[in-house]
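Asker: missing the sequence, but the structure's below:
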C-alpha cells in the first residue's frame, strides 16, 4: 500500500485511530493547564513560595516547546506512529512520577519526563490524522484534534478544581494513568505500522541550539517577573537566548537536512495560519491565568465551584467543535475562522467590564461565547495548516502546528502575568506579584488592563486572518 487511504483495514478503523490520538492529545494538552488551580495547594503542601511553584506549569510548557520540532523531524524520519507510541509510554510514566509528593525538585523532574512524552505525541498526532483520513473527512478529523487541544488547554482549571474538591493534588497527575493505559490499548489494536519514512539524518546540533534558546528566553522572562527585568540573572538568560537563536539560524542554513526547512514559511497560508494560532492560544491563556484569581480570590468562590464555572468553556467546545469540523468540510474554513475570531474578541471586551459584583450569568455568557468562538476557529485553522503542505512535510507541519499552540500558551502566561502585575503595581503604588487580600479593587484594575491586551491580540489575529484569506483568493 502506498498510502493509508488505500488500505481498507486502516480506513475501516480510522475513527478508532482518531479516538486514540485525540484522547492522548487531550491529556498532554490538559497537563499544560490543569496544574494552575492546584498551585496554591501544592505551594502550601510543599511549603514553597508561590513564585517557585509556578515553575510546575512553566517547565512543562518550556520543555514541550523545546522538543516539538525535534520530534516532528524524528517522526518524518523514523515514522510518526512509532514516535507517537513511545511518547504515550513516556507521558504515562511521567504522570506516575509527578504524583509522588517527595519535593518540588522531584515534581519538576516528573514534569520534564511528562513533557518529553507529550511533545512526541503532539508532534505526530496531526500528521497521523492527515495521512489516515481522506480529504473529504480531514476537516472533521483535524477539527476533533483541534477541539481536544483547545479543551485540554482551557479545561484544566475546571477539571483540576473538581479533583481537588475530593482528592489530593497527586490525582491531578495520576488520573492520566488509567486513561492513558486505555488509550494505549486502543492504539495498540488499531494503529497501523508506519509506511512513510524519510530516513533522513536528524539535526541534533540545531535541536540543542533551539532548546537552549527556548529554555533561556522563557526562563529569563519568568525570572524577570520575580527579580525584575533589569536583574543580572534575567539579562544573562536573555542574552544567552539571543545568541542561541542566532546560532540556530546559522546551523539551519548550513545543514542539508535542517530541523526546519525555512522554505516552508514561503507558503503564506501555512505561515499566517501558524501565527494566528499563536495569537489565539496566547489570548486563551490570558483567561487561564486571570480567571482563577478572579473567581477564587476576588469573588471568594470555592475551588470546586470555580472549576465548575470554568467548565462552561470546554462544554461548549464539545458541542461546537464537531459542528465546526463538519462545516469546514462543507462550506470551507474562511467564514468560520472570521466568525470565531469576532466572537473571541467580543469575549475579551466582556471580561474587561467584570467586577466583584458582576452577576455570574454574565461570566457564563461571556465564557460560552468564547467556547463557541474557539470551536469555530480551531478546526478550520488546523485544516488550513495541514492541507497547505506536501505529504513529506506533514510531520514538520504537525510539529510546527503544535509548537505554535504551545508557544502561544507560554507567551500567554508570560504576557498575562507581566501585564497583570505591572498594572496592579501601578495602581497600588508599589511592586505587586500576587493578589492583595485586602484590596480586590487593585486586582480588578489589573484584570481590566490585562484583558485589554488580550482584546488587542484577538483583533490582531482577525486583521491577519482577513489578510491571509485575501491572499489565498488572490
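Answerer: Looks like it came in fine. Because the structure is a prediction, the values reported are computed rather than measured. Residues are numbered from 1 along each chain as shown.

Asker: And the residue nearest the centre of this structure?
Answerer: Closest to where the C-alpha atoms of the chain average out (Cα atoms, centre = their mean) is residue 406, at 3.9 Å.

Asker: quick one: average pLDDT of the helix or strand harbouring that residue?
Answerer: Using DSSP states H and E, residue 406 maps to helix 394-428. Taken as a whole, helix 394-428 has a mean pLDDT of 81.

Asker: Tell me which residues of that helix come out buried.
Answerer: 394-424, 427-428 (16 or more other Cβ atoms under 10 Å). All C-beta atoms are positioned from the backbone trio N, CA, C, and that covers glycine.

Asker: Same check on stretch 52-59?
Answerer: 53, 54, 55, 56, 57, 58, 59.

Asker: now do stretch 327-334
Answerer: Buried-residue list, stretch 327-334, by 16+ other Cβ under 10 Å: 327, 328, 329, 333, 334.

Asker: With respect to residue 250, which of the residues you listed is nearest?
Answerer: residue 333 (36.4 Å; Cβ to Cβ).

Asker: The closest one and residue 383 touch, don't they?
Answerer: Yes. Checked against Cβ atoms under 8 Å, the pair residue 333 and residue 383 is within contact range at 5.7 Å.

Asker: Next, show the common contact partners of these two.
Answerer: residue 139 (Cβ atoms under 8 Å, 6 or more residues apart in numbering).

Asker: which outside residues touch the helix or strand hosting residue 328?
Answerer: Assigning secondary structure by DSSP H and E places residue 328 in helix 312-331. Residues outside helix 312-331 that contact it (Cβ under 8 Å, 6+ apart) are 136-144, 146-147, 150-151, 154-155, 158, 336, 340, 364, 367-368, 370-372, 374-376, 378-380, 383.

Asker: Of those residues, which count as buried by neighbour count?
Answerer: 137-144, 146-147, 150-151, 154-155, 158, 336, 340, 367-368, 370-372, 374-376, 378-380, 383.

Asker: Show me these that map onto helices.
Answerer: Judged by DSSP state H, these include 137-144, 146-147, 150-151, 154-155, 158, 336, 340, 367-368, 370-372, 374-376, 378-380, 383 as members of helices.

Asker: Could you report the neighbour count for the residue lying closest to residue 413 once chain neighbours are set aside?
Answerer: Closest residue to residue 413 apart from its sequence neighbours, by Cβ to Cβ, 6 or more residues apart in numbering: residue 285 at 5.4 Å. Around residue 285 there are 27 other residues, counting by other Cβ atoms under 10 Å.

Asker: Let me know whether residue 285 touches residue 408 as I believe.
Answerer: Yes. Counting by Cβ under 8 Å, residue 408 is a contact partner of residue 285 at 7.1 Å.

Asker: Now the helix or strand that contains residue 242: buried residues?
Answerer: Per DSSP H and E: residue 242 is located in helix 232-254. Neighbour counts over helix 232-254 (16+ other Cβ under 10 Å) mark 234, 237, 238, 240, 241, 244, 245, 247, 248, 249, 251, 252 as buried.

Asker: got the residues you listed as CSV, with distance to residue 317 and pLDDT columns?
Answerer: Shown next, in CSV, are the buried residues of helix 232-254 (distance: Cβ to Cβ, whole Å; pLDDT from 0 to 100):
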residue, distance to residue 317, pLDDT
234, 36, 88
237, 36, 93
238, 36, 92
240, 38, 95
241, 34, 93
244, 36, 94
245, 34, 91
247, 40, 94
248, 35, 91
249, 37, 89
251, 39, 90
252, 36, 86
